[in-house]
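[1] Test case, fold it:
(6 chains)
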Number of protein chains: 6
Amino acid sequence: MRNDGRAANQARPVKITTNYNKHAEGSVLIEVGDTKVICTATVEDRVPPFMKGQGKGWITAEYSMLPRATAVRNQRESAKGKLGGRTMEIQRLIGRALRSVVHLEALGERSVTLDCDVIQADGGTRTTSITGAFVAMAIAIDKLARDKHLSRYPITDFLGSISVGIIQNKALLDLNYEEDSKAMVDMNVVMTGAGKFVEVQGTGEEAPFSRQELDELLALAESGIASMIAEQEQALGPIADRIRGAAGAAARI
Amino acid sequence: MRNDGRAANQARPVKITTNYNKHAEGSVLIEVGDTKVICTATVEDRVPPFMKGQGKGWITAEYSMLPRATAVRNQRESAKGKLGGRTMEIQRLIGRALRSVVHLEALGERSVTLDCDVIQADGGTRTTSITGAFVAMAIAIDKLARDKHLSRYPITDFLGSISVGIIQNKALLDLNYEEDSKAMVDMNVVMTGAGKFVEVQGTGEEAPFSRQELDELLALAESGIASMIAEQEQALGPIADRIRGAAGAAARI
Amino acid sequence: MRNDGRAANQARPVKITTNYNKHAEGSVLIEVGDTKVICTATVEDRVPPFMKGQGKGWITAEYSMLPRATAVRNQRESAKGKLGGRTMEIQRLIGRALRSVVHLEALGERSVTLDCDVIQADGGTRTTSITGAFVAMAIAIDKLARDKHLSRYPITDFLGSISVGIIQNKALLDLNYEEDSKAMVDMNVVMTGAGKFVEVQGTGEEAPFSRQELDELLALAESGIASMIAEQEQALGPIADRIRGAAGAAARI
Amino acid sequence: MRNDGRAANQARPVKITTNYNKHAEGSVLIEVGDTKVICTATVEDRVPPFMKGQGKGWITAEYSMLPRATAVRNQRESAKGKLGGRTMEIQRLIGRALRSVVHLEALGERSVTLDCDVIQADGGTRTTSITGAFVAMAIAIDKLARDKHLSRYPITDFLGSISVGIIQNKALLDLNYEEDSKAMVDMNVVMTGAGKFVEVQGTGEEAPFSRQELDELLALAESGIASMIAEQEQALGPIADRIRGAAGAAARI
Amino acid sequence: MRNDGRAANQARPVKITTNYNKHAEGSVLIEVGDTKVICTATVEDRVPPFMKGQGKGWITAEYSMLPRATAVRNQRESAKGKLGGRTMEIQRLIGRALRSVVHLEALGERSVTLDCDVIQADGGTRTTSITGAFVAMAIAIDKLARDKHLSRYPITDFLGSISVGIIQNKALLDLNYEEDSKAMVDMNVVMTGAGKFVEVQGTGEEAPFSRQELDELLALAESGIASMIAEQEQALGPIADRIRGAAGAAARI
Amino acid sequence: MRNDGRAANQARPVKITTNYNKHAEGSVLIEVGDTKVICTATVEDRVPPFMKGQGKGWITAEYSMLPRATAVRNQRESAKGKLGGRTMEIQRLIGRALRSVVHLEALGERSVTLDCDVIQADGGTRTTSITGAFVAMAIAIDKLARDKHLSRYPITDFLGSISVGIIQNKALLDLNYEEDSKAMVDMNVVMTGAGKFVEVQGTGEEAPFSRQELDELLALAESGIASMIAEQEQALGPIADRIRGAAGAAARI
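    Modelled structure (predicted):
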């Protein structure tokens, strides 16, 4: 029995509140258990210098935690004057993952910036950010697709993410903070609606893991991500239909 | 008639949700119109180096806006690598204002850090931060006072803040963003429950103002702050009683 | 009796040495008691990016103290690698105040940068900087007006500044350092030659102040600033005449 | 046929020159094809602040590329004034991987810093750094174990790393730079001498990958890492015997 | 004939105003032609970490130019967030030069920081800073020697500095800015009262120089520094006598 | 007898390995005793902003030490977030020295960046960098001259550098680290193939030096640099012939 009473293969309750912010082109407040993240999508009619003139768009992400998102207050990176390695690693991961389900040529020379701000943390902030950011991005890009009559619908599939890990030789789905700090192996997985892998990041700093353990973890992640994507579909409503349509079209190519 | 239909001397609706964050010693989500700020209070059993060995506590504040709190996305100060002048000015103001209603000796060598994070901005973010941070701080210090049996209740009075300004020769209370950007004179005022001034910051960059205009603005601010403090009292419930008790005792000294 | 023998409403002696620097378009050494500030005005034929293409000029200021301007050596901000909050607050104040008496359209797309470097500090460095920077700016802009035959004289009025405060329940004009460190209430005021307010920044961190105290402080400041402006007029000679002419014309509009 | 004539499952030639630096406690120049990295191990009798007083040691790594390690000169991070996200991500990975095969209690309160400086890059710099850093670390810790008569031999197993990827639907081992830039899926794997996983980092930014593709990549990596570890054993000579002894003892526990 | 009418071997007029700053332990305003530098000496009862516990003192220097010390305004290094290479080079030179004439053991564990702030520049700012800083330092250390009854007088000799250079094949003493920008060879020399070299820094970026030219430049510098030291002696009055006494004693050892 | 058995006027063995790096336009590994430096030359078809539009090229240098180039590990400047004064001083010196033997007009609007990375240090790293960087630069520029048919061969002479110093009143050539740390006087000299001085940087922080000592040091440096240049000629082979040709032509002008 886990510390919050869940079964090993049971994810925490998910709540996605769309249009949480009145200014952003897309936004959500996503809650996975006690982890709460505000994700906003900003669309701009320009791309970063290294992308100019290629006729393609760009998707990027930034991640931050409010100082008191955690049990002990953490110092602001703005006050430190630099981003930490963990932050950089996470925001690179989020951006990379989201780009995998967007057809950048279809976007045109536009960029979408996803800001993921953790207002309360209880484990799984990076996977929750990916799941939430996908919804904020979908809202923003769908609006763009409708307004600008893009040649092709840019979103090619859904994208969800969850963490898995091993505690006392037992594989568990969706670790909360207390579990995460005791895990011997920790893995973050990102998958598409079609059930393909986009990111697999497993680390056994405390104890190397066998191939069999890896297989168990991947199976857990697969089922967890499917339920995350079901939540996204429900939150997106008619937008989900358009994504499914585009994904089906893509699959037929 | 103002752009949102208010009277000149009418403040926007206020909503204070206490204990918004499960980790912090005190926290609120404060909403003044469409301006929304999360304020958390962190208590630590140490003071900054310059305060050590004086037997006194310290109150300090940090202020930040989420990138998409505003209509146009603003770059994170953590990514820029430094705090801007506006941020520094605001967090110095918040800290200074809050210290004016806390008896630092009574705190002992402890510090309280107020983090004010604007999640949506529509004018008056600094005054809203002060009003909200007071409530978060009061919750945290009240808990401390009950747990540690301090020699004296450290909070000496309520503290509220509001902005006032002049648009087209008319003094207005509680400017929203659209009004703020058209104001010729802009003033932020902080006052105590006893009706005394803690901060008066008026600026007439667009047009210098007369003594009579200053008097009008101060009168508007006085009434607006009184209503802010009424909201604080309601949000704080029994804690408000203890503050009133301490304020009364202080007044009798 | 004050620690240097002055009456409560008596400012310290002022000395303004114009053209103190051979390179700058305008410059002064201003001494108010033992506080000494070098102010230089630099005119450039360009404006910052955010002002481009508006056909208007810009006025900005920078403020710094030499490390040993103070009794205890303070570390250089260049060595720390960043500007402190106090510095940013002061230089924003100086720039804002000066802009209030310049007609930016009349300047054309030019910028004037005022550098205020405190070479010895004894209280009132920000107000002294404003009073001195106005004179340096006036010299530089007057030269510009004569050389470039601007459509309109850009300076619309004089601008002076002084500090006031309350020590032991007594309102005092022009605090020196020792007084400043004992003050319960501290206020910096900036006014025009026409007697209008440009900035009122009062803070009662040590003790909130009543409306009556505020009124007393404003009255003291008003008389002190009038004498500062009289010094400016004398230092500027014929330039002062041209400013008075322009101010009169502006008032008649 | 690959661009350098290798078979799909063939790694590039490896050369490990030990004791490449006269000052460091352990050092190698490792060459994997045209990728060349200098790895030095520095032993210090102290641990970082967050590890103090736990009676345990610490292993950490830093990674850098010389500006002209690459075809196009890259700007120094020292000149930019900050470490990039890629650098941080890599050095966090190296340190984490190495710690997985060191018994930190056995080290005592000592730290080992691995500096991995890429002097020429042709793909696989992070995996080459891990393989080389393990050897430099082993030399340094072995010396320590012999000098200080530690209670237990701190190295618990060998540790090797290699990259794998998918190009034109074909899984390939040990990508060079040209291959890496064309890969749809890219994966870095770190394994122990006992054949367990320490890190699995797969990313399909260009094209999500199926479970079957993942399995193929893992199999390739497993064989490639075994040959990397064989090179380590040969380079380490008698030290390799002691590691094998310790690994055997650990396995029996 | 030079652009200001001087002979090739003629230095510019020198003026040293001692005790220019009321707070510093020693201070001067030194003017060499139109180059003006404020030098202050700060004495502190501690040494930097790398000097602790050696029973010796330390002398260090910082150098800066006001933004408008030059014909074109230069951006503040505090605003840039870092010190430039030229500034670092100069402050390292000043500190090193001054340490050569101070007996650090005699100082005890104290440090003297020399701040050299150029308020107007017209060539030779680094050599003028050295000459001026020596006087400020001498005033501060002499006071210390009298107050603390040090075992030995810490200053072992005078120290002066001047620039020389070659313009159109002609060696010139004490270049002003216009000359400096046209010089093919530029050399800064620091010497003691006893006529020994402390620093010789010659550079022929524009044109390499022969041994004969080097000899000519050194001869010019020697005569120029002797006159700088004569100015120091006059400015220091009775302190100069004590330095001469100590220098004589040192020479006899 | 010196600590490594050399005579006072004997330099350490020199080894120059050209084309050490496969990517750079020119590169060497230079070894002077145990000091080892990788120098690479990067040619780019652009110049820094301050050189634009002058029809001239630019030569610049960067210098760095690997953390464990030294007996005690030194922290990376990239991790500190800024370049130290010593680094800046050295890279300014290298760039300035190299520019003295290049005809910048002949280069056209191109820049050559010399990266000097010390992989092992044992004294004389800056002089070794200059000697090695000249060879890397010569390879790169010679290639340019052959490819682009420049109007004139841009390299005007050879350039070598060596250190000299005084230990126990004895002048010594080419100090190693142990000698360097005991030297009373330390001098770095850069000379051309024609025997002219480009840089003379002598410092007597520990003990001022006489004119006679200076002469002795310069004579030693002259002979040492001649042998360094002989090594350059041998390493450069036919390129050396072309430089000699160009130098002869320049001398005849």
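[2] Grab the nearest non-local neighbour of whichever residue of the stretch 51-200 of chain A sits closest to chain C.
    Closest approach between the stretch 51-200 of chain A and chain C, counting by CB to the nearest CB: A:Gly81, at 7.1 Å. No exception for glycine: its C-beta is placed from N, CA and C like everyone else's. Spatially, and ignoring its direct neighbours in sequence, A:Gly81 is nearest to B:Gly81 (5.0 Å; CB to CB, 6 or more residues apart in numbering or on different chains).
[3] I'd say that neighbour and A:Lys82 touch.
    Yes - using CB atoms under 8 Å, B:Gly81 is in contact with A:Lys82, at 5.9 Å.
[4] tell me the contacts of A:Thr42?
    By CB atoms under 8 Å, 6 or more residues apart in numbering or on different chains, the contact set of A:Thr42 is A:24-25, A:112-113, A:115, A:140, B:67-68, B:73.
[5] Apply 10 Å and report the result again.
    Residues in contact with A:Thr42, defined by CB atoms under 10 Å, 6 or more residues apart in numbering or on different chains, are A:23-27, A:60, A:111-115, A:136, A:140, B:67-68, B:72-73.
[6] What residues does the stretch 101-250 of chain A have near chain B?
    By CB under 10 Å from any CB of the partner chain, the residues of the stretch 101-250 of chain A that approach chain B are A:113-115, A:117, A:119-122, A:136.
[7] Let's see that with 8 Å instead.
    Taking CB under 8 Å from any CB of the partner chain as the criterion, the stretch 101-250 of chain A approaches chain B at residues A:113, A:115, A:117, A:119-120.
[8] Figure out how far the helix or strand harbouring A:Ser161 is from the centre of its chain.
    Here A:Ser161, judged by DSSP states H and E, is contained in strand A:159-167. Per CA atoms, centre = their mean, to the nearest Å, the displacement of strand A:159-167 from the mean C-alpha position of its chain is 11 Å.
[9] Contacts (any at all) between chain D and the next helix-or-strand element following that strand?
    Stepping forward along the backbone from strand A:159-167, the first helix or strand reached (DSSP H and E) is strand A:170-173. No - with CB under 8 Å from any CB as the measure, strand A:170-173 is seen stopping short of chain D, the closest distance being 13.9 Å.
[10] Sheet partners, orientation included, of strand A:170-173?
    Strand partners for strand A:170-173, identified by DSSP bridges, are recorded as strand A:159-167 (antiparallel).
[11] how about A:Val14, what does it touch?
    A:Val14 makes contact with A:30-32, A:131, A:227-228, A:231 under the criterion CB under 8 Å, 6+ apart.
[12] and the strand holding A:Ser161, which residues are buried?
    Under the neighbour-count criterion of 16 or more other CB atoms under 10 Å in any protein chain shown, strand A:159-167 has A:159-167 buried.
[13] Next: stretch A:237-253.
    In terms of neighbour count (16+ other CB under 10 Å), stretch A:237-253 has its buried residues at A:239-240, A:242-243, A:246-247, A:250.
[14] The residue of the stretch 51-200 of chain A closest to chain C contacts B:Lys82, doesn't it?
    Yes - using CB under 8 Å, A:Gly81 and B:Lys82 qualify as a contacting pair, with a distance of 5.9 Å.
[15] which neighbours do B:Gly81 and A:Lys82 share?
    Taking CB under 8 Å, 6+ apart as the criterion, B:Gly81 and A:Lys82 both touch D:Lys82.
[16] Just read off the phi/psi values of the residue of the stretch 101-250 of chain A found nearest chain F.
    For the stretch 101-250 of chain A, the nearest residue to chain F under the criterion CB to the nearest CB is A:Glu205, separated by 21.9 Å. As for A:Glu205, its main-chain torsions (degrees, to the nearest 10) stand at phi -60, psi -40.
[17] for it, what are its contacts?
    Neighbour list for A:Glu205: D:96-97, D:99-100, D:198 [criterion: CB under 8 Å, 6+ apart].
[18] leaving aside the residues next to it on the chain, what's closest to it?
    Nearest-residue entry for A:Glu205: D:Arg96, 4.8 Å, with adjacent residues in sequence omitted and distances by CB to CB, 6+ apart.
[19] So what does the one you found look like in phi/psi?
    Per degrees, to the nearest 10, the backbone of D:Arg96 is at phi -60, psi -40.
[20] next one: A:Gly123
    Geometry field for A:Gly123 lists phi and psi as phi 90, psi 150, criterion degrees, to the nearest 10.
[21] on that earlier part again, which one of the residues of the stretch 101-250 of chain A next to chain B sits in the busiest neighbourhood?
    Across those, the neighbour count under other CB atoms under 10 Å in any protein chain shown reaches its highest value at A:Asp115, namely 28 neighbours.
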